[in-house]
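In: sharing a sequence plus its predicted fold:
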Amino acid sequence: MDLTTLRPMRWHATWYDQNPARLILEKRAMESRFPRFQLFNDGGQLVWTGKLESNRGNTYEIALYYPESFPNEPPLVFPINPVITVYKDEVAGRLKHQYNDGHLCLYYPGDRTFAANTTAATVVAVAAAWFFAYESWLESGKTEWPGIEAD
């Protein structure tokens, strides 16, 4: 074997490698508040999946992805089933209270509602509130869904 053709593998520690106690905290918080959610490792990225039921009896399956920079940045929550796409401007393709990749806008940047000690369980609870607001908006028949949006 010619070792000159091999490229060195690049390895970087994930947030949960660097802080295994935080991963234990995350698992315990989710197990106590959302015991039916499952944790998966998707190529080194941790993902919780599960279902939320709204006050109106609708079920939303979501995926919560931890970013590499967790806990300095919040996990991203994507609606899986049903897929939800709320357009503010269909011509421009601008989403309302969602980012372009489809993840939910749960925190306004800079409002300090997400902190480094916020767990995935809290993020899932905030997502449940998002779905409540979404359903209320749909029922209202209004074209404007109130609330500050990030750019």
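Out: Now that the structure is in, tell me what you want to look at.
In: show me what the lengthiest helix in the chain is packed up against.
Out: Of all the segments assigned as helix in the chain under DSSP state H, the longest by residue count is helix 120-140. Based on contacts counted as 3 or more CB pairs under 8 Å, 6 or more residues apart in numbering; DSSP states H and E, the elements that helix 120-140 packs against are helix 20-33, strand 45-53, strand 59-65, strand 76-81. Bear in mind the C-beta positions are built from the backbone N, C-alpha and C, glycine included.
In: between the third one and helix 120-140, how big is the angle?
Out: Between strand 59-65 and helix 120-140, the angle formed by their directions is 140 degrees, by axes from the mean of the first three to the mean of the last three CA atoms, to 10 degrees.
In: find the nearest non-adjacent residue to Asp42, please.
Out: Taking CB to CB, 6 or more residues apart in numbering as the measure, Asp42 lies nearest to Tyr65, with 8.0 Å between them; neighbours along the chain are not counted.
In: tell me how many other residues surround Leu64.
Out: Look at Leu64: counted by other CB atoms under 10 Å, it has 25 neighbours.
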